[in-house]
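Enquirer: A predicted structure for the sequence below; I have some questions about it.
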Amino acid sequence: MKCALVTGGSRGIGRAVCIKMAELGYHVLINYKGNEVAAQETLAAVKAKGSTGELLQFNVGDAAEVQQVLGGWVENNKEQQIEVLVNNAGIREDSLMFWMTDSQWNNVLNISLNGFYNVTKQVLNNMLLKRYGRIINMVSLSGIKGLPGQTNYSAAKAGVIGATKALAQEVAKRGVTVNAIAPGFIKTDMTAELNEKELAAQVPMNRFGTPEEVAEAVAFFTSKAAGYITGEVLNINGGLHT
Ligand code: NAP
């Protein structure tokens, strides 16, 4: 059974990616942090596509929990191969640096950057042994351009971009590709309280993107056809920044 693990798969972009992976025939491992109702909805949508899946609850920022839950899954499912890892879980806790608290800084860095490390560590070994893997990291325009009010989030996402490029070179010989996707404004819970009308007016395409549009790009990176692309960061932002 080919498996795809999507962190933060319960809602938003992660859910759309889970559904896309189901369409491509993967058994989908749907990670979430706490919203079980939403995670169950994603699982139902995966099954509605005729595929299978299961829920894996863990906080990507908690190394011990990742080791216990995901490490345990890997240990107990030796015949299954996680071919695709989408490091998508992320949060934002915006504040100008002047007012930023230590916890706002640490939370955002921990979930995006340490989360990437904690989760990737658990699945990389098997990809290397099997000489095949696709790792896709969800970063952000904020990590490329930097956005005021997001020093924590920009730093976390820029960190993941650096890690993407470094890891891509480490594992290329083993048939594992590592790429990143940098969305601009996408319509999800994360952007729900933003002034969409005002912000969309700054986007050349004059609208926010959809989670499904991001999932299409993930699907491309997972495909065998994208086998010669690695260490790349793909912008999906309606022309906001190139
Ligand atoms: P969202 O709608 O807020 O959903 C966040 C998802 O991440 C949920 O499934 C949530 O699980 C999960 N999550 C949060 N913290 C977690 C943790 N510690 N461990 C495991 N799962 C955790 O977010 P989104 O807009 O889809 O964003 C997905 C990714 O895209 C993030 O990395 C975000 O930074 C990035 N991004 C988003 C946008 C945008 O405009 N939306 C733009 C650029 C980049 P629960 O449901 O259990 O809470």
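Expert: Looks like it arrived, so ask away. Treat the numbers as computed from the prediction; the structure is a model and nothing was measured.

Enquirer: Enumerate the residues of the chain near the ligand.
Expert: 7-8, 10-14, 31-35, 38, 59-61, 88-91, 111, 138, 140, 183, 185-186, 188-191 (C-beta under 6 Å from any ligand atom). Quick note: C-beta positions are derived from backbone N, CA and C, even for glycine.

Enquirer: excluding its backbone neighbours, what's nearest A63?
Expert: N118 (4.8 Å; C-beta to C-beta, 6 or more residues apart in numbering).

Enquirer: quick one: that neighbour and G61 touch, right?
Expert: Yes: contact criterion C-beta atoms under 8 Å: N118 and G61 qualify, at 7.2 Å.

Enquirer: Please pick the buried ones from the residues of the chain next to the ligand.
Expert: The neighbour-count criterion (16 or more other C-beta atoms under 10 Å) marks 7-8, 10-14, 31-33, 38, 59-61, 88-91, 111, 138, 140, 183, 185-186, 188, 190-191 among the residues of the chain next to the ligand as buried.

Enquirer: Kindly indicate whether the residue nearest to A63 is helix, strand or coil.
Expert: What DSSP: H, G, I helix; E, B strand; the rest coil gives for N118 is helix.

Enquirer: Pull the number of nearby residues for it.
Expert: 25 (other C-beta atoms under 10 Å).

Enquirer: give the contact list for it.
Expert: Neighbour list for N118: V60, G61, D62, A63, V66, Q67 [criterion: C-beta atoms under 8 Å, 6 or more residues apart in numbering].

Enquirer: Would you mind checking which of the residues you listed is nearest to the ligand?
Expert: The ligand lies nearest to V60 out of these, by C-beta to the nearest ligand atom, at 3.9 Å.

Enquirer: OK, contacts around that closest one?
Expert: Counting by C-beta under 8 Å, 6+ apart, V60 has contacts 7-8, 31, 33, 66, 87, 89, 111, 114-116, 118-119.

Enquirer: Pick the one among those closest to the ligand.
Expert: Nearest to the ligand among the contacts of V60 is G8, at 2.6 Å by C-beta to the nearest ligand atom.

Enquirer: so that closest one makes contact with G90?
Expert: Yes: in terms of C-beta under 8 Å, G8 counts as a neighbour of G90; the distance is 6.6 Å.
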